[in-house]
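[1] Pasting the sequence and the predicted model now:
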2 protein chains.
Amino acid sequence: MKRFFYILAAALCIAAIPANGQVKEDFKPAPNVQPGKQYPQVNSERCVRVRVVAPDAKSVKLDIGGVKYELKKDDQGVWIGESAPQDEGFHYYQLNIDGADVPDPSSLYYYGSSRWGSGVDVPAADEDFYAVKNVPQGEIREIYYWSEVNNAMRHCFVYVPAEYDLNPTKRYPVLYLQHGGGEDEHGWPQQGHTAQIMDNLLAAGKAVPFLIVMDNGSWTMPRPAAPAAAPTPQGQRPPQAPQGQRPQGGQRPQGGGGFAMPANWADGIADTFIKDLIPMIDSRFRTIPDAAHRAMAGLSMGGMQTKTITVAHPEVFSNLGIFSGGTITVADCKNNPEFAKTLKLVFVSFGSRELENRVAGFGDGTDPRQETEELKASGVDAHFYVSPGTAHEWLSWRRALYQFAQLLFK
Amino acid sequence: MKRFFYILAAALCIAAIPANGQVKEDFKPAPNVQPGKQYPQVNSERCVRVRVVAPDAKSVKLDIGGVKYELKKDDQGVWIGESAPQDEGFHYYQLNIDGADVPDPSSLYYYGSSRWGSGVDVPAADEDFYAVKNVPQGEIREIYYWSEVNNAMRHCFVYVPAEYDLNPTKRYPVLYLQHGGGEDEHGWPQQGHTAQIMDNLLAAGKAVPFLIVMDNGSWTMPRPAAPAAAPTPQGQRPPQAPQGQRPQGGQRPQGGGGFAMPANWADGIADTFIKDLIPMIDSRFRTIPDAAHRAMAGLSMGGMQTKTITVAHPEVFSNLGIFSGGTITVADCKNNPEFAKTLKLVFVSFGSRELENRVAGFGDGTDPRQETEELKASGVDAHFYVSPGTAHEWLSWRRALYQFAQLLFK
């Protein structure tokens, strides 16, 4: 389904190339170039151009959006070429040099698609909301912590607003913000521009200050597999398996990095959050440690995790956001009266191209906008947002955070 | 000179390969593998093995330590091969696929050699001192700040010890810790393992707690060039050029990334530190804002910056560390009486292989150990440390920080 969507999207893009096959020569370096480098570049038609020195190669391709574009070699051994127009926003990509998939040596690197590799931002008309500006600056804090559930050190990032250290007795609400499948805890601080979005919102007086915890949701649980159990919206959990094994080696805890979650992933992540992560955050930071002042949100897989965990743990979370990862329905509330009773805020969002193409699990005929409107009509403070002109990528989610943050904890 | 050293070092390493040309088959994934990946690997002989899928390539090489090693292709299009034995410690490397220098798609990436690219740690016998352990954990805080000198936002990291937020009225000394040429502010938090070294030292009661600020020292100044002036140990500065231009575009401030510093680099960095960075740190954190409780240290180019800035600004820094980047001599003190008067601590270190080969600018016949001993004999609290078996790389500097931190602010 996803593959089909990519092919469809690519076909739409290619259709936008001028009939003469020429691209407009107004390319500029993307924000993702390495210091001192000049590529990748993007032109006003949103085509992405790359350049690589490969004097002995027979074939070099740019692989972006599920399509491979042939580069051309000059007599100096320099390969250059460009993609069809891409959507505004952030796109993972790679080069293919004589059959080898490798990062572009000129770009900055991001964790996504289950690898550290190249990414490029096609400038968005509204990019100002996530730009680094001379406003009061919060911090992204990198923290390792011990997890009993995982019997290992884990790794997270915490956004702390600029005013936090200036108000040494004030306590703050907390948003737990999850990445998508094939991504890890670096996603929101890097591709997501979490700190810039929040600093700019706070400087404009459009949000109340809160902490944002960004942890790893795709980390394979180190325990022997528990009896297989589907995610349980009712909150029952399968019997606990013995604990004690450490995750894969290396001196840094590392993400499992895959879309294939173990059968007990929701259980493992919920346990990690509730038994280890949240107590660590509540002891380390001046939080307001109750459900009303705690939110969870996530994109794609992280949205599914958000739904599973918040529905099962209304004593922990009263606010939730699902970005390109499903909905909360009236039935979810009817079936979970405790959840319905304490629920304060529901935010659901998609990129417009996802809705058009009904991907992300919505090929079942349901309409997430209608589901959210029904939820709202039932008395829940529910919001539905569509990011214009974007698909299942980070510009959709930057905008979702920008919208969601203005609603939270007010 | 450096090139000669690499060739010499490579020759020594190659000499260690068994006469039959076979490598020992006890390779294990290095700590630098990406999540879910298995390469690069290192064996007990300290050879580095890489693997890459490149079915249509004619030639694939591993480029490490200034030497290129040919990989061999199997009938599945998978290339595999290994280097001669490397020193213990951290090494930048890359792959060369049909003439294209690219990162290894399996490794984690680091900023060094003026590019984001692959790195591999050959396990060190003493690696425990920089391992992530279940001890009280400090934080690495990522901060953007406005610089009047540069007329731009800049970017730094600050290590904050675990006890900082538990002692809300206590004030702390600060170490300003600089990376080397072709590196940037990511070097110390990532390759340097600053947080782990400090957390482990503090947990063992071997150091007093202090903050560590890691900023970018190779950022090209955005001002029009001032009249050319060599770094001036006496503290005279060339006339200030008009300010006002922004550095290169992109939404994130980015390092200039080169060994070639503008003629006024020392002046520009000193101005940035003294007018912008230090006031920001002293206002944002609970520091002890005097020279006695402020230190500067750096590796290689950062060590040279440290000497230039601390000698010229004894009112700002009374403690300094130079890792593989020069010495402080009795003559430096004689020529700078204010510096000599307030100087509290001098720490000078090298990797043993640097000393043996007299690289890093010491081909002039001077002996840094003797110079430091003379300085000590003159009454300065001076220390000289040699990292055993390492060259001009990060294990030398991790060990230097480990030693230096135990002497600081006591």
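    That came through fine. Residues are numbered from 1 along each chain as shown, chains lettered A, B, ... in the order given.
[2] Settle this for me: A:S324 is touching A:H392, isn't it.
    Yes: between A:S324 and A:H392 there is a contact under Cβ atoms under 8 Å: 5.6 Å. Where C-beta positions appear, they are placed from N, C-alpha and C, glycine not excepted.
[3] if you count what's nearby, which of these two comes out ahead?
    Set side by side, A:S324 and A:H392 show more neighbours around A:S324, with 30 against 23, by other Cβ atoms under 10 Å in any protein chain shown.
[4] For that one, list the residues it contacts.
    A:180, A:299-300, A:303, A:349-351, A:354, A:360, A:392, A:396-397, A:400 (Cβ atoms under 8 Å, 6 or more residues apart in numbering or on different chains).
[5] Pick out whichever of those sits closest to A:L95.
    Among the contacts of A:S324, A:H392 lies closest to A:L95 (Cβ to Cβ), at 22.6 Å.
[6] Stretch A:336-349: end-to-end distance?
    22 Å (Cα to Cα, to the nearest Å).
[7] do the same with stretch A:272-290
    18 Å.
[8] Could you find the residue nearest the spatial middle of chain A?
    A:H179 (3.7 Å; Cα atoms, centre = their mean).
[9] Excluding sequence neighbours, find me the nearest residue to A:I274.
    A:V316 (6.0 Å; Cβ to Cβ, 6 or more residues apart in numbering or on different chains).
[10] Against chain B, how distant is the one you found?
    23 Å (Cβ to the nearest Cβ, to the nearest Å).
[11] which SS class is that residue?
    coil (DSSP: H, G, I helix; E, B strand; the rest coil).
[12] Could you pull out the helices in the stretch 301-410 of chain A for me?
    A:301-312, A:330-335, A:337-342, A:352-357, A:368-377, A:394-407 (DSSP state H, counting those that start in this stretch).
[13] Looking at these, which is nearest to chain B?
    Among the helices of the stretch 301-410 of chain A, the nearest to chain B by Cβ to the nearest Cβ is helix A:394-407 (12.0 Å).
[14] does any part of that closest one sit near chain B?
    No: judged by Cβ under 8 Å from any Cβ of the partner chain, helix A:394-407 makes no contact with chain B; its nearest approach is 12.0 Å.
[15] helices or strands up against that helix?
    Judged by 3 or more Cβ pairs under 8 Å, 6 or more residues apart in numbering or on different chains; DSSP states H and E, helix A:394-407 is in contact with strand A:89-97, helix A:194-203, strand A:294-299, strand A:319-323, strand A:345-351, strand A:382-387.
[16] With mean neighbour count, distance to A:I140 and mean pLDDT as new columns, can those be given to me in TSV?
    Listed next are the helices and strands packed on helix A:394-407 as TSV, based on neighbours: other Cβ atoms under 10 Å in any protein chain shown; distance: least, Cβ to Cβ, whole Å; pLDDT from 0 to 100:
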stretch	mean neighbour count	distance to A:I140	mean pLDDT
strand A:89-97	24	18	98
helix A:194-203	22	5	98
strand A:294-299	28	17	98
strand A:319-323	29	20	98
strand A:345-351	26	23	97
strand A:382-387	21	23	98
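[17] can you name the farthest residue from the center of chain A?
    Going by Cα atoms, centre = their mean, the residue of chain A most distant from its centre is A:D75, 41.5 Å out.
[18] A strand includes that one, no?
    No: A:D75: not assigned to a strand; according to three-state DSSP it is coil.
[19] Quick one: check stretch A:209-222 for contact with chain B.
    No: using Cβ under 8 Å from any Cβ, stretch A:209-222 never reaches chain B; the gap is at least 8.6 Å.
[20] circling back: which ones are touching the residue nearest to the centre of chain A?
    A:E185, A:G187, A:W188, A:M214, A:N216, A:G217, A:S218, A:G298, A:L299, A:M301, A:G302.
[21] Recalculate using a threshold of 10 Å.
    A:111-112, A:185-188, A:191-192, A:214-218, A:255, A:298-302, A:305, A:397 (Cβ atoms under 10 Å, 6 or more residues apart in numbering or on different chains).
[22] One more: A:L202?
    With Cβ under 10 Å, 6+ apart, A:L202 has these contacts: A:V135, A:P136, A:G138, A:P161, A:A162, A:E163, A:V208, A:P209, A:F210, A:A405.
[23] Taking those together, which two end up most distant?
    A:V135 and A:F210 (16.8 Å).
[24] out of the two, which sits in the busier spot?
    Each of A:V135 and A:F210 has its neighbours counted (other Cβ under 10 Å); A:F210 has more, 23 against 17.
[25] Now name the helix or strand holding A:V50.
    strand A:48-53 (DSSP states H and E).
[26] I'd like to know which of the helices and strands packed on helix A:394-407 lies nearest to B:W79.
    Closest among those, using Cβ to Cβ: strand A:89-97, at 12.1 Å.
[27] and the closest one, which strands flank it?
    strand A:60-64 (antiparallel), strand A:100-102 (antiparallel), strand A:115-122 (antiparallel) (DSSP bridges).
[28] what's the distance between the longest one and the middle of its chain?
    Distance, stretch centre to chain centre, for strand A:115-122: 13 Å (Cα atoms, centre = their mean, to the nearest Å).
[29] Next: the first one.
    Going by Cα atoms, centre = their mean, the spacing between the C-alpha centre of strand A:60-64 and its chain's C-alpha centre is 24 Å.
[30] now the second one
    How far strand A:100-102 lies from its chain's middle: 24 Å, per Cα atoms, centre = their mean.
[31] Now that strand: average pLDDT?
    The pLDDT scores in strand A:100-102 average 98.
[32] Output the below-cut-off pLDDT ranges for chain A.
    A:1-21, A:219-266, A:358-364 (pLDDT under 70).
[33] Tally up the residues packed near the residue lying closest to A:E183 once chain neighbours are set aside, please.
    In this structure, A:E183 finds its nearest non-sequential neighbour in A:G112, 4.8 Å apart by Cβ to Cβ, 6+ apart. A:G112 sits with 25 neighbouring residues when counted by other Cβ under 10 Å.
[34] Export stretch A:31-48 to CSV, keeping only CA atoms.
    What follows is stretch A:31-48, C-alpha atoms only, in CSV (Å, rounded to 0.1, in the frame of the first residue of the first chain):
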residue,chain,number,x,y,z
PRO,A,31,19.6,23.7,4.8
ASN,A,32,20.9,20.1,5.1
VAL,A,33,24.3,20.7,3.4
GLN,A,34,27.3,19.9,5.6
PRO,A,35,29.5,22.9,6.7
GLY,A,36,31.4,24.1,3.6
LYS,A,37,29.5,21.9,1.2
GLN,A,38,27.1,23.1,-1.6
TYR,A,39,24.8,20.0,-2.2
PRO,A,40,22.0,18.9,-2.0
GLN,A,41,20.3,21.8,-3.7
VAL,A,42,16.7,22.6,-4.4
ASN,A,43,15.2,24.9,-7.1
SER,A,44,12.0,26.9,-7.2
GLU,A,45,10.3,23.9,-8.8
ARG,A,46,11.1,21.8,-5.7
CYS,A,47,13.5,19.5,-7.7
VAL,A,48,16.4,18.2,-5.6
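[35] and that stretch, how far out from the chain's middle?
    22 Å.
[36] The stretch 1-150 of chain A: strands as residue ranges?
    A:28-29, A:41-42, A:48-53, A:60-64, A:67-70, A:72-73, A:78-82, A:89-97, A:100-102, A:109-112, A:115-122, A:139-147 (DSSP state E, counting those that start in this stretch).
[37] Same list (those strands) but as CSV, adding distance to A:Q370.
    As requested, the strands of the stretch 1-150 of chain A are exported to CSV (distance: least, Cβ to Cβ, whole Å):
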stretch, distance to A:Q370
strand A:28-29, 41
strand A:41-42, 36
strand A:48-53, 36
strand A:60-64, 34
strand A:67-70, 33
strand A:72-73, 49
strand A:78-82, 40
strand A:89-97, 26
strand A:100-102, 41
strand A:109-112, 31
strand A:115-122, 31
strand A:139-147, 37
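[38] Skipping adjacent residues, who's closest to A:E315 in space?
    A:A291 (6.0 Å).
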